[in-house]
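Trainee: predicted model, plus sequence, below.
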Amino acid sequence: MKSGNAAGAGPIETMNPLTIALGYAALATIWLLATDLLAGSVAEGSTAHMLNGLAFVLGTAGALFLLLRRLAQRDAAHRRNLDTMARAYRLLFEGHPLPSWVCDPDSSRVLAANAAAVKLNRDGAEVVGRTLPDLLGRDPDDDSTLVQSQGPHSERAFRLLSVPCTFADRPAILYLAHELTEERLALDRANRYSEEMRLLTRRLINAQEAERRAIARQLHDQLGQTLTVARLLVESTLDQIEDTEVRAMLREAMAALESGLKETRTLTGNLRPPMLDDLGIVPTLRWLVDRSTAETGVIVTLDLPADPGPLVSEIDVALYRIAQEAISNALQHGAPEHLKVRLRLRNAVITLSVEDDGRGFDAIHVLQGLVPFGRSGLLGARERAESLGGGVKVRSHPGQGTVVRAILPHTPPARAAQ
């Protein structure tokens, strides 16, 4: 179960597109006027050049305003979608037919309970805030069976199940009570809700990827091209100026534009590398590994097929995100000397493995969610794979390196059923 705000205020929402565009236009105009004033004594036709420059500044300012406004609108729509998904998760939990409690793993304090759990409470008092042993009359870990008296000749028996989960972005434990007299029916209902949760997770991931792709395209096609044109204009102006101070200022402007272009490419790659849609997963994995290990000194071994054939877009994206998380985790926390990335397609099953010889960690605690922020991305990778009918296995021990292996179907279940 997940709770809390699905999405906070994004960076685009906090910006005022008009203010930024006007600020850019003002700074660019000041810079243009200063350049022309300094160069006016040595260059002819400076008035025409200044008018052309002002026209360019106004044009790029307008394009920047339209781009930022569109990105802000997309960001607002994206956050509304995430809020809708969060409400759907909440409704699923509250409407679940099995009594369910979300508890703090350390204190066993109840953080949330559904209507079935409240109804099951013996004394009718408030459930949230109390400890689960107080509600049940014993520690839920002592025995898997709970018996509740319903009168002198009636009893109801429940089997308690515990599942690690996340609540308000913190590790928690979800307890569910299966009534043994209706265990089969309850199991069927739980399976249906589990399938609905899987489909909701898949829809949420797809919504996130769609927004990432749209924003990456906007950055690449509009902002990147605007910065490129500006750089070419400054470069052409540099060839016409002889004043040393003005040339130095133009070189600084070119350096700033090149830095902006580089940062734009980095942001585009982090959001959604265009080559994933254009060239497929194998070239993108090569690019990801090269970019991630370029300045680390890590010895890389790639074992990738020449042509895995056409894959469903969801599978391509899942393979890329899982590889991205596993490689980032290895480089940031493992300090490895060697890294091996392998991709295999056999019998309609795709296997991706990322192996390193770094420091390693306690994989059991990671997969149970009992880890500090920094390795929790592996849990997200597992959720992504499970939403497509696959899974992620992590094998690691302190001092013995790490192997992250993802197994995905060639075709996701929903598509296969159509």
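Mentor: That came through, no problem.
Trainee: what sits against Pro99?
Mentor: Ala113, Asn114, Ala116, Ala117, Lys119, Leu120, Phe158, Leu176, Ala177 (C-beta atoms under 8 Å, 6 or more residues apart in numbering). C-beta here means a position set from N, CA and C on the backbone, and glycine is covered the same way.
Trainee: who does whichever strand or helix holds the last one pair up with?
Mentor: Translated: Ala177. In the assignment (DSSP states H and E), Ala177 maps to strand 170-179. Its sheet considered, strand 170-179 pairs with strand 100-103 (antiparallel), strand 154-167 (antiparallel) by DSSP bridges.
Trainee: identify each buried residue in the last one, please.
Mentor: The reference is to strand 154-167. Neighbour counts over strand 154-167 (16 or more other C-beta atoms under 10 Å) mark Phe158, Leu160, Ser162, Cys165, Thr166, Phe167 as buried.
Trainee: nearest to Ala210 among those residues?
Mentor: Thr166 (23.3 Å; C-beta to C-beta).
Trainee: can you give me the domain boundaries for the protein?
Mentor: Residue ranges for the domains of the chain, per automatic domain parsing: 17-91+203-271, 97-189, 274-417.
Trainee: any chance of CSV for those domains, columns mean pLDDT and distance to Met197?
Mentor: Formatted as CSV, the domains of the chain follow (pLDDT from 0 to 100; distance: least, C-beta to C-beta, whole Å):
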stretch, mean pLDDT, distance to Met197
domain 17-91+203-271, 74, 7
domain 97-189, 74, 11
domain 274-417, 83, 9
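Trainee: could you dump those domains into JSON lines and include distance to Glu196?
Mentor: Converted to JSON lines, the domains of the chain look like this (distance: least, C-beta to C-beta, whole Å):
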{"stretch": "domain 17-91+203-271", "distance to Glu196": "9"}
{"stretch": "domain 97-189", "distance to Glu196": "11"}
{"stretch": "domain 274-417", "distance to Glu196": "12"}
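Trainee: ok so, going back, reformat the contacts of Pro99 as CSV; add distance to Arg212.
Mentor: Converted to CSV, the contacts of Pro99 look like this (distance: C-beta to C-beta, whole Å):
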residue, distance to Arg212
Ala113, 35
Asn114, 33
Ala116, 38
Ala117, 37
Lys119, 42
Leu120, 42
Phe158, 43
Leu176, 34
Ala177, 39
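Trainee: just give me the closest of these to Asp316.
Mentor: Leu176 (35.1 Å).
Trainee: from memory the closest one sits against Phe158, does it?
Mentor: No: applying C-beta atoms under 8 Å as the test, Leu176 and Phe158 come out as separate, 9.2 Å apart.
Trainee: in the strand holding Ala177, what counts as buried?
Mentor: Pro171, Ala172, Ile173, Leu174, Tyr175, Leu176, Ala177, His178, Glu179.
Trainee: and stretch 268-281, by the same measure?
Mentor: Thr268, Gly269, Leu271, Arg272, Pro273, Pro274, Leu276, Gly280, Ile281.
Trainee: relative to the whole chain's centre, how far out is the helix or strand just after the strand holding Ala177?
Mentor: Per DSSP H and E, the first helix or strand lying C-terminal to strand 170-179 is helix 183-218. Centroid separation between helix 183-218 and its chain, computed with C-alpha atoms, centre = their mean, to the nearest Å, is 14 Å.
Trainee: which helices and strands sit right next to helix 183-218?
Mentor: Counting contacts by 3 or more C-beta pairs under 8 Å, 6 or more residues apart in numbering; DSSP states H and E, helix 183-218 is packed against helix 46-94, strand 170-179, helix 244-271, helix 274-278, helix 313-329, helix 377-387.
Trainee: and the contacts of the following helix or strand past that helix?
Mentor: Reading on from helix 183-218 to the C-terminus, the next helix or strand found by DSSP H and E is helix 224-238. The contact list for helix 224-238, computed with C-beta under 8 Å, 6+ apart, reads 35, 49, 56, 60, 63-64, 247, 250-251, 253-254, 257-258, 260-261, 264-265, 268.
Trainee: now the angle from helix 224-238 to helix 244-271?
Mentor: 160 degrees (axes from the mean of the first three to the mean of the last three C-alpha atoms, to 10 degrees).
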